[in-house]
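In: model this:
(4 chains)
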Number of protein chains: 2
Amino acid sequence: MTVAAQGVGATPRPEARPRSVRVAELVRAALDLLESEGPGALTMRNLADAVGIRAPSIYKHFDGKSALEVALMEDGLFGMGDALHAALADPDPADPVSSLLHAYRSEASLHPNLYRLTTSSAFPRADLPEGLEDWAGEPFFLVTGERHRSQALWAFAHGTMILELDDRFVDGSDLDLTWRAGAAAFGGARGRPRRSR
Amino acid sequence: MTVAAQGVGATPRPEARPRSVRVAELVRAALDLLESEGPGALTMRNLADAVGIRAPSIYKHFDGKSALEVALMEDGLFGMGDALHAALADPDPADPVSSLLHAYRSEASLHPNLYRLTTSSAFPRADLPEGLEDWAGEPFFLVTGERHRSQALWAFAHGTMILELDDRFVDGSDLDLTWRAGAAAFGGARGRPRRSR
DNA sequence: TGACAGGGCTAACAGAATTAGCTACCGTGG
DNA sequence: CCACGGTAGCTAATTCTGTTAGCCCTGTCA
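Out: Alright, predicted model coming up:
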């Protein structure tokens, strides 16, 4: 392993950008709207209503809707990064791949629509804080020790997560087992069907 | 294995629904628009222009935009299903997992925006031909022989594909290696340098 | 011949993001 | 004390979206 031991990564957690009171309020309301009413309900008018102003006034705080979404994605990435790093720092050093996947799934399930947004096609890499993306994804590298393997594991996690959220796994199949099958494939679980490393 | 041997699945290819000339023309134009100009350009007015009519006339052929999208998804699923089944029926029985993943990646890369649409959140399962989804996904089962493992493999494929299309894999990392890492994890490839087939 | 359905059209609407331009407040410098 | 500039609200209006209503022509068939 080329990184510091003990589950602590080499990539520093980026600084969150300061937000004015109003901006913070808008982002919070936007997240509420997004999660409780769905992506279609996140309109400038609805958001304005939620904080008691008119839609055009939002433009005093954000350049446009996409800038607002960037702020949401930022929160989403910080949340995911914290969850993943915590999972590795935590107790169980035994099966880190499974721990990581479990943390990933839990965090995403907590804010499904935020997760969808954060992983949506229009990813504004340039507008996000420097290093945020790397830091949030680092745990996958810490757990696999190799770049492409870590990308593959991340891809599995994201694929499973988004298909689960979108209800794409048919019949009443047990998704726990699907996650475990992935963990096993990537050398995590010593799961039931017993496959060594 | 509970399925017929020799790479041929038990699930029959569903019948494509018949389409009138105009409907076929509209779907073809919609696909053109989608792939050449992007999802934002797929509007009723643009589509109407493309076939030389006015937007409201489209409603004589489709119930609405989402019905049009269903038709596109249908084509996308048929295309993917054909590609995957062909990959298994084809020559190389040696490394079926890699063959399958290769076919998946090729087919999706051919129509990236159609792939995105077909795997988008709003998946109108009920409006699609009976059995289409199962048939298109069957090759993943044929190749793994176990349900949850097949779901995990599909999730890896989709995750890698969508992250690749969305340019989410940072730095100039070699995505071939990422795909291969996944294939290896799922029991496909043997050696790293060694690529059979 | 007459009814009807198919498939085009224009006009119009509601809701989306966004812009322009106005105004009120609020703190600071002369 | 007063003027000034910045902050943050507002209304009105623009453009683009999907969609509906209602009209009309044309071919087919009883």
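In: Run the chain-centre distance for the helix ranked longest in chain A.
Out: Determined from DSSP state H, the single longest helix within chain A is helix A:65-89. Centroid separation for helix A:65-89 versus its chain: 6 Å, with Cα atoms, centre = their mean, to the nearest Å.
In: and that helix with DNA strand D, contact?
Out: No - using Cβ under 7 Å from any atom of the strand, we find that helix A:65-89 stays clear of DNA strand D, coming within 13.4 Å at best. No exception for glycine: its C-beta is placed from N, CA and C like everyone else's.
In: Dead centre of chain A: give me the residue that sits there.
Out: A:Met80 (4.0 Å; Cα atoms, centre = their mean).
In: so who does the residue in chain A sticking out farthest from the centre touch?
Out: For chain A, the largest distance from the centre (Cα atoms, centre = their mean) belongs to A:Arg54, which lies 30.9 Å off. If you count contacts by Cβ atoms under 8 Å, 6 or more residues apart in numbering or on different chains, A:Arg54 has them with A:Ala48.
In: Distance-wise, check it relative to A:Ser36.
Out: From A:Arg54 over to A:Ser36 the distance is 22 Å, taken as Cβ to Cβ, to the nearest Å.
In: just A:Gly187 next, same as before
Out: From A:Gly187 across to A:Ser36, the span is 39 Å (Cβ to Cβ).
In: Counting neighbours around each, name which of those two comes out higher.
Out: Using other Cβ atoms under 10 Å in any protein chain shown, the more surrounded residue of A:Gly187 and A:Ser36 is A:Gly187, with 18 against 9.
In: so the more buried one sits right up against A:Asp95, yeah?
Out: No - if you go by Cβ atoms under 8 Å, A:Gly187 and A:Asp95 don't touch, sitting 9.6 Å apart.
In: interface residues of chain A facing DNA strand D?
Out: Contacts of chain A with DNA strand D, taken as Cβ under 7 Å from any atom of the strand, map to A:20, A:22, A:48, A:52-54, A:56-57, A:60-61.
In: and DNA strand C, which of those reach it?
Out: Among the residues of chain A next to DNA strand D, DNA strand C is touched by A:Pro56 when using Cβ under 7 Å from any atom of the strand.
In: Can you tell me which of the residues of chain A next to DNA strand D are buried?
Out: By neighbour count, with 16 or more other Cβ atoms under 10 Å in any protein chain shown, the residues of chain A next to DNA strand D hold A:48, A:61 as buried.
In: In strands, which of the residues of chain A next to DNA strand D appear?
Out: Assignment to strands by DSSP state E places none of the residues of chain A next to DNA strand D there.
In: so what's the nearest residue to A:Leu84 once chain neighbours are set aside up against?
Out: Nearest non-adjacent residue to A:Leu84, counting by Cβ to Cβ, 6 or more residues apart in numbering or on different chains: A:Pro139, 4.0 Å away. By Cβ under 8 Å, 6+ apart, the contact list for A:Pro139 reads A:9, A:81, A:84-85, A:87-88, A:100.
In: quick one: the helices in chain A?
Out: All helices of chain A, identified by DSSP H, fall at A:21-37, A:44-51, A:65-89, A:96-110, A:112-118, A:132-144, A:147-165, A:175-185.
In: Let me have those helices in TSV, extended by mean pLDDT.
Out: Below are those laid out as TSV (pLDDT from 0 to 100):
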stretch	mean pLDDT
helix A:21-37	98
helix A:44-51	98
helix A:65-89	97
helix A:96-110	97
helix A:112-118	98
helix A:132-144	96
helix A:147-165	97
helix A:175-185	97
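In: Would you tell me which of the ones you listed gets closest to B:Arg149?
Out: The closest of the helices of chain A to B:Arg149 is helix A:175-185. By Cβ to Cβ, the value is 4.6 Å.
In: Please work out which residues outside the closest one touch it.
Out: Residues outside helix A:175-185 that contact it (Cβ under 8 Å, 6+ apart) are A:95, A:97-98, A:101-102, A:105, A:156-157, A:160, A:164, A:169, A:189, A:191-193, A:195, B:146, B:148-149, B:151-153, B:155-156, B:185-187.
In: How many neighbouring residues does the residue of chain A found nearest chain B have?
Out: Chain B sits closest to A:Gly159 of chain A, with a gap of 2.5 Å, by Cβ to the nearest Cβ. With neighbours defined by other Cβ under 10 Å, the count for A:Gly159 comes to 27.
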